[in-house]
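Novice: Here is my input, please return the structure:
(one chain, ligands or ions: 1)
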Amino acid sequence: MPQNRYLTIALAKGRLAKKSLELFEKNGITCEEMKDPHTRKLIFVNEEKKIRFFLAKAGDVPTYVEYGTADIGIVGEDTILEEGRNLYEVADLGFGRCRMCVCGPPTARELLKHHEMIRVASKYPKIAKDYFYNKKHQTVEIIKLNGSVELAPIVGLSEVIVDIVETGSTLRENGLEVLEVICPLSARMVVNHVSMKMENERITALVRDMKEAAGEAG
Ligand code: PRP
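Specialist: Numbering: from 1, shown residues only. This next block holds a predicted model:
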């Protein structure tokens, strides 16, 4: 059936976008232009399938989807939890697996055990706050950072950090370790509420195909 309307898909720039495109390709949705490592373009169109991709900062993907400027988004569960936007989470695509953890030097274990008033540095202040206040019932000071969070306990800005651990090498190379695991994470497909109603057939089929391709990718 010919499609009139473009379906817009927001991808989190970087590793997740690359993996997402591999899954789209498995479903015959290609976008050669996007593979050019030197391109500075942010919007890419597949005219045949009437699909438009755009690349956004991970933290902005849920925003574009909530406001309906993107019908669909692919982004990490960490970002979804942190942003707390109003959207449908329709699929766990299985890639980008990692864990949200409380990390620090081994000496910080005692501080956590005794619920001491500690400083927690994180790129994820909402997740950190929810974990310490609502799950652990521990009062802490949360310090928002924008990256290289592992620095904080080393230079004395905080006692621990809340951050993503994938291979664990950043921690190891900086003398830190996982002290508590908050939750597992992976890449998710999210959909705008209105789009889900208006383009239900098309979106449902795409979600199903992407899940299948993700399953095959294992
Ligand atoms: C992420 C995360 C950790 C690291 C974990 O940082 O914040 O620092 O990767 O990965 P690993 O367990 O495989 O070492 P990212 O590379 O996104 O950079 P950033 O800290 O500057 O945001």
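Novice: Quickly list what the residue most central in space within the chain is bridged to.
Specialist: Per C-alpha atoms, centre = their mean, the C-alpha nearest to the average position across the chain is that of Gly76, at 1.7 Å. Bridge pairing for Gly76 (DSSP bridges) gives the partners Ala187.
Novice: Specify the local secondary structure of Glu82.
Specialist: Secondary structure state of Glu82, per DSSP: H, G, I helix; E, B strand; the rest coil, is helix.
Novice: hmm, back to that, what sits against the residue nearest to the centre of the chain?
Specialist: When contacts are counted by C-beta atoms under 8 Å, 6 or more residues apart in numbering, Gly76 touches 12, 16, 58, 96, 185-188. C-beta here means a position set from N, CA and C on the backbone, and glycine is covered the same way.
Novice: repeat that for 7 Å
Specialist: The contact partners of Gly76, by C-beta atoms under 7 Å, 6 or more residues apart in numbering, come to 12, 16, 58, 96, 185, 187.
Novice: which bits of the chain sit near the ligand?
Specialist: Proximity of the chain to the ligand, by C-beta under 6 Å from any ligand atom, involves residues 147-150, 163-170.
Novice: distance between the helix or strand bottoming out on mean pLDDT in the chain and the chain's centre?
Specialist: Averaged element by element with mean pLDDT, DSSP states H and E, the chain has its least confident helix or strand at helix 32-35 (a mean of 80). Relative to the chain's own centre, helix 32-35 is displaced by 22 Å; criterion: C-alpha atoms, centre = their mean, to the nearest Å.
Novice: following that helix, which helix or strand shows up next?
Specialist: Remark: after helix 32-35, the chain's next helix or strand is strand 43-46, criterion DSSP states H and E.
Novice: for the longest strand seen in the chain, what is the average pLDDT?
Specialist: Longest strand in the chain by number of residues (criterion: DSSP state E): strand 177-185. Strand 177-185 comes out with an average pLDDT of 98.
Novice: Can you list the strands that that strand pairs with?
Specialist: Applying DSSP bridges to the sheet, strand 177-185 is found paired with strand 98-104 (antiparallel).
Novice: C-terminal to the partner strand, which secondary structure element comes first?
Specialist: Proceeding N to C from strand 98-104, the next assigned helix or strand is helix 108-113, under DSSP H and E.
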